[in-house]
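Q: generate a structure from the sequence data that follows.
(one chain, ligands or ions: 2)
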Amino acid sequence: IFPPELRFAFLKFFNRIFHLFSTYCYFDITEIDGVNTNELYNAVQLYLSSSVSIAGNRLSLTRAVNSSSITFGLSNNDSIIDTFNGVTVLWEHVVTQRQTQTFAWRPLPEEKRGFTLRIKKKNKTLILNSYLDYIMERANEIRRKNQDRLLYTNSRGGSLDSRGHPWESVPFKHPSTFDTLAMDPIKKQQIMDDLLDFAEGQLFYQKTGRAWKRGYLLYGPPGTGKSSMIAAMANYLGYDIYDLELTEVHSNSELRKLLMKTSSKSIIVIEDIDCSINLTNRKKNSTNAVTQKSYYDPETRTGSGSGSGSGEESGNGNTITLSGLLNFTDGLWSCCGSERIFVFTTNHIEKLDPALLRSGRMDMHIYMSYCNFPSLKILIKNYLGYKEEDVNDDVWKEMERVVDKAEMTPADVSEALIKNRRDKEKAIRELLDDLKSIGERNVKNGKLRGRNGNLTELEIVVEQEKRAIVDSQNEEDGNNNDEAEEEEIELEDNICKTRED
Ligand SMILES: Nc1ncnc2c1ncn2[C@@H]1O[C@H](COP(=O)(O)OP(=O)(O)OP(=O)(O)O)[C@@H](O)[C@H]1O
Ligand SMILES: [Mg+2]
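A: Ligands and ions are numbered 1, 2, ... in the order given. Now for the predicted structure:
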C-alpha cells in the first residue's frame, strides 16, 4: 500500500528510535576493509579461538600450515559471550554472500565476513580501547605459540630485500631442549630460572629503569653444547633467533640497521665472537701485524674498558669495531624494541676484550664444560633410554671416577653412544673403555686442559706444527704472493699468542 520510498523512510526512522533507546552499541569489524585486509579481524578470530572455552554449539577447527596446534573459532553467524574486566560483551560472526562483482582491483572472496561486537553503551568508553589492545596483544602471543619459530641470518650483508628487510629467515626446527642438554642440573636450572625471570620481568625492568634485554656469554671448548644451548633457549621461551654473521657486516651503521630490524621476543646470536672481531680488524690491519697484536694486548688498552681503546677506529665507519659492537648490545640503539636476549659464544674467553666482559654487559657468563658425571648420566639416559637403575652401580662408580680425567666433550660422548645404540650394553662398555683409556693418556701426558679450555703445551706444539704445514703448502702453491704474505702474518701472530698463553 505504501510506496517504497515511504516504507524505507519509516524503517529508517524506527531504526533510529530503536537505537536511541537501545542499551547496546555495535561495532563491525569486517574481514576486508576497502581493499586492505583488516588486521583486527584476524586478531579477533585468533583471540576468540583461545579465550572462549569450547562451549559454543558449533565451532570451526583450523590448523595452519606448519603449526603444531589446532585452533577453533566461531562458525558462521554464531555468537559467543566474552568478559573483560568484569564487563560482558557479545561477539557475533556475520557471514553474508557478496553480490557479484562487476569490477574489482583484485578478486574479493565470495563471502563477506565480519565480527560484530556488542557492548552496553555505558561500558563503551570504559573498555573499548583497552579491550581491543588486549585482543591484539593476545592474538600476537597465540600466533607466536602456534607458529614455528624463525631463524634469521644476514647472509646478504646489510643489503635489503624487496620488502626492505636485511634479514632472511627459515623455519627454525632445532630439536634441542633443556631436557636433552647435558650439563650440570643445578646450573641448568639456574639458567632456566634466569630466562623465565627475564621473560616475565617487564614490570621489573620498567621499575628499575633498565632496557628490557639480557646478555649471555657462552664459552667453552668446541662440542660442549653452546649452539645447542642457544637452540634450547629459543625453544624454551618461544623466541625467534637472529644469527648475526659479523663477517658479513661492513660497518657500524650497517650493524645498527640490522639491529633496528629485529623484532622483540628474539635472541640475537653472535657465534665465535673472538674470531669475528679478530677477522675484521685483521683485514683492516693486514699489512701491520704489530697493530693487530696490540689490539689484544691489555697493556696498550687504557682504563676500565668501555671500548675506548678501539674507539678511534670507529671513526672512519668502514669497518665494524668493538665499540660499534658494544653500542649494538648496550648503547641507546639496543633498546629500540624490547625483550631481547643477546648471546655471544666463544671458544676462548681469554681472548675477549675486557670491555666485553665487564659486569653489566653480558649479564651471565656460562661455562660449557667437558662432559662431567651429571652430564654423562643425562646423555646415557637420552641416547640409550637407560634409567639410573638400568646400569650397574659399579659401572656408574667407575665412570664417575674417570669421566673428569678423560675430558671428553658431550659431542664426543654422544658420538660414542650413537655408534652402538642398537647394542646398549656394548655402548656402555665401550664408552667406559674410551673414558678410561683417554683419561689415562691425559694423566700420562701430565697435562689436562685448564678450566677455561686454554691450550696445553702439547697442543701448542701440535698447533704450531699444523700451522707450519699450512705455511709450507702456501709456499709451494706460490701462485698468490699477497695471500701467502697475509697468511704468514696471521701465523706469526697466532704463534705469538699461543706462546703468550
Ligand atoms: N651439552 C650437550 N648436551 C647434549 N648434546 C650435546 C652437548 N654438547 C654437544 N652435544 C652434541 O654435540 C653436537 C655439537 O654440539 P654444539 O654444536 O652445540 O657444540 P658447540 O659448543 O656449539 O661447538 P662449537 O664451539 O664448535 O660451535 C650437537 O649436535 C649435540 O648433539
Ligand atoms: Mg657452535
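
Q: tell me the mean pLDDT for stretch 170-180?
A: The average pLDDT for stretch 170-180 rounds to 89.

Q: so what's residue 44 up against?
A: Taking CB atoms under 8 Å, 6 or more residues apart in numbering as the contact definition, residue 44 lies against 29, 91, 115, 135, 139. Using the backbone N, CA and C atoms, a C-beta is placed for each residue, glycine as well.

Q: if we go to 10 Å?
A: Residues near residue 44 by CB atoms under 10 Å, 6 or more residues apart in numbering: 29, 38, 73-74, 91, 93, 114-115, 117, 132, 135-136, 139.

Q: same question, residue 402
A: 373, 408, 432, 433, 434, 435, 436, 437, 438, 439, 440, 443.

Q: just to revisit the earlier point, save the contacts of residue 44 as TSV, and put in neighbour count, pLDDT and distance to ligand 1 too.
A: As requested, the contacts of residue 44 are arranged in TSV below (neighbours: other CB atoms under 10 Å; pLDDT from 0 to 100; distance: CB to the nearest ligand atom, whole Å):
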residue	neighbour count	pLDDT	distance to ligand 1
29	22	89	46
38	17	79	44
73	20	70	39
74	22	74	44
91	20	88	47
93	21	85	47
114	19	88	49
115	21	89	46
117	20	90	49
132	18	89	43
135	21	89	40
136	16	87	37
139	21	84	34
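
Q: show me the residues you listed that map onto strands.
A: 29, 73, 74, 91, 93, 114, 115, 117 (DSSP state E).

Q: so which elements touch the helix or strand residue 203 falls within?
A: Assessed by DSSP states H and E, residue 203 sits inside helix 202-208. Secondary-structure packing of helix 202-208 (3 or more CB pairs under 10 Å, 6 or more residues apart in numbering; DSSP states H and E): helix 185-199.

Q: can you tell me the SS state at the residue nearest to residue 383 when sequence neighbours are not counted?
A: Once flanking residues are discounted, residue 383 sits nearest to residue 417: 4.0 Å by CB to CB, 6 or more residues apart in numbering. Of the three states, residue 417 takes helix under DSSP: H, G, I helix; E, B strand; the rest coil.

Q: from residue 378, how far off is residue 417?
A: The spacing between residue 417 and residue 378, counted by CB to CB, to the nearest Å, is 11 Å.

Q: what do these two both touch?
A: Jointly contacting residue 417 and residue 378 under the rule CB under 10 Å, 6+ apart is no residue at all.

Q: neighbours around residue 23, how many?
A: Using other CB atoms under 10 Å, residue 23 has 9 neighbouring residues.

Q: quick one, what contacts it?
A: 119, 120, 121, 122, 123.

Q: state the pLDDT value of it.
A: pLDDT, residue 23: 83.

Q: if we can go back for a sec, what's the most distant pair in the ones in strands among the contacts of residue 44?
A: Spatially, the most separated pair among those is 73 and 117, at 15.2 Å (CB to CB).

Q: in the protein, where's the longest helix?
A: As assigned by DSSP state H, the longest helix anywhere in the chain is helix 121-146.

Q: which ones are touching the residue in the stretch 201-350 of the chain that ligand 1 sits nearest to?
A: Relative to ligand 1, the nearest point of the stretch 201-350 of the chain is residue 225 (2.8 Å; CB to the nearest ligand atom). Going by CB under 10 Å, 6+ apart, residue 225 touches 176, 180-183, 218, 231-232, 368-369, 371, 375, 409-411, 414.

Q: list phi and psi for it.
A: The phi and psi values for residue 225, taken as degrees, to the nearest 10, are phi 100, psi 30.

Q: try residue 83
A: Torsion angles, degrees, to the nearest 10, at residue 83: phi -120, psi 140.

Q: roughly how far does the residue lying closest to it once chain neighbours are set aside sit from residue 21?
A: Of all residues not flanking residue 83 in the chain, residue 89 sits nearest, at 7.3 Å (CB to CB, 6+ apart). Residue 89 sits at a distance of 20 Å from residue 21 (criterion: CB to CB).

Q: for the two, indicate the residue with more neighbours.
A: residue 89 (19 against 7).

Q: can I assume that one sits in a strand?
A: Yes - counting by three-state DSSP, residue 89 is part of a strand.

Q: contacts only, for it.
A: Contacts of residue 89 (CB under 10 Å, 6+ apart): 24, 27, 80-83, 117-120, 123, 127-128, 131.

Q: can you name the residue of the stretch 201-350 of the chain nearest ligand 2?
A: Closest residue of the stretch 201-350 of the chain to ligand 2, CB to the ion: residue 227 (3.3 Å).

Q: so that residue is in which element?
A: helix 226-237.

Q: got it, and residue 267?
A: strand 266-270.

Q: swap in residue 365?
A: In the assignment (DSSP H and E), residue 365 maps to strand 364-367.

Q: immediately after that strand, which helix or strand?
A: Beyond strand 364-367 on the C-terminal side, the first helix or strand identified by DSSP H and E is helix 373-384.

Q: which strands and helices sit next to that next one?
A: When contacts are defined as 3+ CB pairs under 10 Å, 6+ apart, helix 373-384 packs onto helix 185-199, helix 393-406, helix 410-419, helix 424-445.

Q: deepest-packed of these, please.
A: helix 410-419 (a mean of 18; mean count of other CB atoms under 10 Å).

Q: which residues does that one contact?
A: Outside helix 410-419, the residues touching it (CB under 10 Å, 6+ apart) are 180-183, 221-225, 228, 368-372, 375-376, 378-380, 382-384, 403, 406, 408-409, 424, 426-428, 430-431, 433-435, 438.

Q: close to ligand 2: what parts of the chain are there?
A: The chain has residues 226, 227 near ligand 2, with proximity defined as CB under 5 Å from the ion.

Q: quick check: domain ranges of the chain?
A: Domains of the chain are assigned by automatic domain parsing as 4-146, 150-367, 373-445, 457-500.
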